[in-house]
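[1] Let me see the structure of the following:
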Amino acid sequence: MENLNILQMIVRSEEMLALTPLLREGVTVSLTPGRTLRQSMTEDLGIAPDCVEQRVQTVFLDGSPVDDIDADSAEPGCTLALAGALPGVAGIAMRRNSPVGAFRQGITHCQGKHEHASPASGSFDVTLKLFNSVALECLGTVLGRGVAVRAARLLELLEDPEVLPGATFALGTPPLNVAPLAAIPPLDRPALLAALRALPGLIRLVVLPAGACA
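    You can find the predicted model right below:
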């Protein structure tokens, strides 16, 4: 996610749920090589350990259910999906360490099936999707760490004046000599929409709750 324009939003907590569609559709996040899925969730995404253990009951890598988040890990370019308990018998079967997991062995994710090795240093990007209760509980944490989204999708969301009406915006353009959360000159909503229309590809989005210090 290097050299991306950085959009910082300050959002009231009661409005932040308007951003959940972005997480359901998938955003790009950077992970550290050599970490297990549990470590990626807690250290890279900032999700509380108790939440990972108790709330994140369903984990998919590239569409395959994961059983052991302490043995498996993400790979560059993969899609990592996190959810709470899914409904029905199929949902039970897809949970981590499901009592009926043996019946889905043919689709269970296997660490040895990766096509690409993790880089030895630096970071790598993956697509992250959050669903149901995990999306609701972890939305603010993940967005606070920063994600990459398509500028066109963000524009589509913000063109609705009823979405995030109380938000404030600041847009930084690379090269940046400041941290992503440092003070950036603010933009009003019309100026931001005009800027998003002119931006191709991805933009880095960092969302802070109102009252937080950048």
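[2] alpha carbons only for contacts and neighbour counts from here, please
    Will do.
[3] so where's the longest helix in the chain?
    Longest helix of the chain, by residue count under DSSP state H: helix 132-145.
[4] That one packs against which elements?
    With contacts defined as 3 or more Cα pairs under 8 Å, 6 or more residues apart in numbering; DSSP states H and E, helix 132-145 has these neighbours: helix 20-25, strand 79-83, strand 202-209.
[5] give me the element the most centrally placed residue in the chain is part of.
    Centrality entry for the chain: nearest residue to the mean C-alpha point is residue 128, 4.6 Å, by Cα atoms, centre = their mean. Here residue 128 sits within strand 124-130, counting by DSSP states H and E.
[6] tell me what that strand is packed against?
    Counting by 3+ Cα pairs under 8 Å, 6+ apart, strand 124-130 packs on helix 20-25, strand 27-31, strand 79-83.
[7] Could you tell me the angle between that strand and strand 27-31?
    Using axes from the mean of the first three to the mean of the last three Cα atoms, to 10 degrees, the direction of strand 124-130 lies 130 degrees away from that of strand 27-31.
[8] List the neighbouring strands of strand 124-130 plus their orientation.
    Take DSSP bridges as the rule and strand 124-130 pairs in its sheet with strand 27-31 (antiparallel), strand 79-83 (parallel).
[9] export those strands to a markdown table and tack on distance to residue 4 and mean neighbour count?
    A markdown table is the format used below for the strands paired with strand 124-130 (distance: least, Cα to Cα, whole Å; neighbours: other Cα atoms under 10 Å):
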| stretch | distance to residue 4 | mean neighbour count |
| --- | --- | --- |
| strand 27-31 | 12 | 23 |
| strand 79-83 | 21 | 21 |
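[10] Take these and lay them out in TSV including distance to residue 71 and mean pLDDT.
    As requested, these are arranged in TSV below (distance: least, Cα to Cα, whole Å; pLDDT from 0 to 100):
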stretch	distance to residue 71	mean pLDDT
strand 27-31	16	97
strand 79-83	15	95
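[11] what about the residue nearest to residue 201 when sequence neighbours are not counted, neighbour count?
    For residue 201, ignoring the flanking residues on the chain, the nearest one in space by Cα to Cα, 6 or more residues apart in numbering is residue 150 at 5.6 Å. By other Cα atoms under 10 Å, the residues close to residue 150 number 19.
[12] What residues does residue 150 make contact with?
    Neighbour list for residue 150: 200-203 [criterion: Cα atoms under 8 Å, 6 or more residues apart in numbering].
[13] run the last query once more with 10 Å
    Residues near residue 150 by Cα atoms under 10 Å, 6 or more residues apart in numbering: 22, 27-28, 156, 196, 199-205.
[14] would you list every one of the strands in this structure?
    Under the criterion DSSP state E, the chain contains strands at 6-11, 27-31, 58-61, 64-65, 79-83, 124-130, 147-150, 168-172, 186-187, 202-209.
[15] Next up, phi/psi of residue 166, please.
    Here is the backbone geometry of residue 166 (degrees, to the nearest 10): phi -100, psi 10.
[16] Now do it against residue 55, distance only.
    30 Å (Cα to Cα, to the nearest Å).
[17] Settle it for me: which of those two has more neighbours?
    residue 55 (17 against 12).
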